[in-house]
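K.L.:
Build the 3D model from these lines:
(chains A and B)
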Amino acid sequence: MADLEALKEEYIDHMMNPRNYGKIDNPDATGIGKNPFNNEMVEIYLRLNGDVIEEIKFMAIGCMSTIVTGSIFTDMLVGETIQEGESVAEEFIANLVNAPEEQRACGEMVAKAFLAALVNLDHRRGGKEEEAYTLIISGDCVTDEQE
Amino acid sequence: MNKSKLFQQKHELWLAVLFGSFSIADEGVADVIYDFAMIEYRHLNWLGGALAQKGEAFDYEKGEIDYKAEDTHSLFRKLISQIEEIESCYPDHEDAMYARFIADEIYFVQKLEHLIATTENMPITAYDKNRKLKFYDLDQTQTDALTLFLFEESYKEYELILVYTYSNFFTDSKLLSNIFIDLIYESHYHLKSFARMMSNMGILSMPRTIMERVYKFDDLEQFLIDGIKEEEGAKEECMRLAEMVNHEALSNFFFFINNQENYHIALMRKALEHLKEQQ
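P.N.:
Numbers count the residues shown, from 1 in each chain, chains lettered A, B, ... in the order given. Down below sits the predicted model:
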């Protein structure tokens, strides 16, 4: 189980009511961020209006830290353009070096799922029939047992 | 109505009744509603079995479930309306299974109406985020650890109930079926224990939808191997929490759960051996 440092009221609220959790039927793009070490994964679905993210949803096989991160991350991107979203995701991944070790893999899975959805969108717009695109994360989730 | 849609509605109704029961502080009243929830689970199980037998597809997708109420009478009225709503969705009132659903639910409504008439209307505090476990004096670190544990494990128990229920629809081995049923009812007990603690702490919440690939898998053997690892992880977590809370009654509870996990692992190993023997 990944620990969230100092459980803030905001985190508890995301744990009780994860935002944007679920599926979008017939999404414009789907991306998967996968942890190959433990088979945890995040799937992100996008509905676009031109280049604007009209709706974004996610589902996950993972711990509560992944759910909270997915909830906060997807909430930030509603109404943004895909270019802004890409910048947010890249900055998010770059900042993970400052995050507690056990949260890095969870954060990376979420951001990579979004970036994978953008690759999928690109492929679909190029005429390729592809249900989803998958990106593998670079770090493993450190659990207490492993420590 | 499409029967896979009916399965989804039954799933949602089971959860509404179940989490409604967890939200009630009075254990006597909560137990009445919990029993109804367990009957709704059995309905769901029979419906899933019937669909599986006919080769009809169904899944555990669920929509928004309206399960929160400010007081017990509002909760009972909400449950009555949800139960009455599903009755018109049953396709064949002459069929023994649907006739049973209807007969049970007529009684649930009568009993809920009786509870409104005869019990005091009590406020529901299961969602107020107070994060104080009544009768225990836990510090912030202990409270945070317990909070995370309850969120992780309540979801896990819900997931296990659904996964083993689904696997049981498609097994023709009596031994595996018996093991799945044992594990399902163990998880029901764990879910109830954890969810009631969450309710006590004001952090009760509905588990998120489980991804289809979690229960529609091709490799039962791999699922059991992964499941054993997860049970071992849950055991470790129980032990860690028991030591961390350092409170006799609460620690005893987590040691008790830890020992139950030992038996789950033994059951899963038995299922694994059975599968290997059949290969």
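K.L.:
Give me the pLDDT for the residue most central in space within chain A.
P.N.:
Closest residue to the average C-alpha location of chain A: A:Val110 at 2.0 Å, with Cα atoms, centre = their mean. A:Val110 carries a pLDDT value of 97.
K.L.:
ok so it is a helix residue?
P.N.:
Yes: assessed by DSSP: H, G, I helix; E, B strand; the rest coil, A:Val110 belongs to a helix.
K.L.:
following the lowest-mean-pLDDT helix or strand in chain B, which helix or strand shows up next?
P.N.:
Lowest on mean pLDDT, DSSP states H and E among the helices and strands of chain B sits helix B:220-245, with a mean of 86. Remark: after helix B:220-245, the chain's next helix or strand is helix B:248-278, criterion DSSP states H and E.
K.L.:
and that next one, which residues are buried?
P.N.:
For helix B:248-278, burial by neighbour count (16 or more other Cβ atoms under 10 Å in any protein chain shown) applies to B:250-251, B:253-254, B:257-258, B:260-261, B:264-265, B:267-268, B:271-272. Backbone N, C-alpha and C define where each C-beta goes, glycine included.
K.L.:
Ramachandran coordinates for the residue lying closest to A:Leu121 once chain neighbours are set aside?
P.N.:
Residue nearest to A:Leu121 in three dimensions, not counting chain neighbours: A:Ala29, with 3.8 Å by Cβ to Cβ, 6 or more residues apart in numbering or on different chains. Taking degrees, to the nearest 10, you get phi -160, psi 150 for the backbone angles of A:Ala29.
K.L.:
So A:Ala29 is in contact with A:Asp51, correct?
P.N.:
No: using Cβ atoms under 8 Å, A:Ala29 makes no contact with A:Asp51, being 11.6 Å away.
K.L.:
Between the two, which has more neighbouring residues?
P.N.:
A:Ala29 (27 against 12; other Cβ atoms under 10 Å in any protein chain shown).
K.L.:
ok, the more buried one - contacts?
P.N.:
By Cβ atoms under 8 Å, 6 or more residues apart in numbering or on different chains, the contact list for A:Ala29 reads A:Tyr45, A:Leu46, A:Leu48, A:Ala117, A:Leu118, A:Asn120, A:Leu121, A:Arg124.
K.L.:
Out of these, give me the one that has the most neighbours.
P.N.:
A:Ala117 (30 neighbours).
K.L.:
So the residue nearest to that residue when sequence neighbours are not counted, which state does it fall into?
P.N.:
In space, not counting the residues next to it along the chain, A:Ala117 is nearest to A:Gly31; the distance is 3.0 Å by Cβ to Cβ, 6+ apart. Following three-state DSSP, the label given to A:Gly31 is strand.
K.L.:
A:Gly31 against A:Arg124, yeah?
P.N.:
No: using Cβ under 8 Å, A:Gly31 and A:Arg124 do not qualify as a contacting pair, with a distance of 11.4 Å.
K.L.:
Can you pull out the low-pLDDT segments for chain A?
P.N.:
A:1-6, A:139-147 (pLDDT under 70).
K.L.:
How far off centre is the least confident helix or strand of chain B?
P.N.:
Computed by Cα atoms, centre = their mean, to the nearest Å, the chain-centroid distance of helix B:220-245 equals 19 Å.
K.L.:
For the closest residue to B:Leu275 other than its chain neighbours, list the residues it contacts.
P.N.:
Distance criterion Cβ to Cβ, 6+ apart; nearest residue to B:Leu275, sequence neighbours excluded, is B:Glu221 at 5.3 Å. B:Glu221 makes contact with B:Leu272, B:Leu275, B:Lys276 under the criterion Cβ under 8 Å, 6+ apart.
K.L.:
so which of those comes closest to A:Glu9?
P.N.:
Nearest to A:Glu9 among the contacts of B:Glu221: B:Leu272, at 43.3 Å, using Cβ to Cβ.
K.L.:
residues touching the nearest residue to that closest one once chain neighbours are set aside, list them.
P.N.:
Spatial nearest neighbour of B:Leu272, excluding adjacent residues (Cβ to Cβ, 6+ apart): B:Leu224 at 4.8 Å. Contacts for B:Leu224 were tallied using Cβ under 8 Å, 6+ apart; they are B:Met268, B:Ala271, B:Leu272, B:Leu275.
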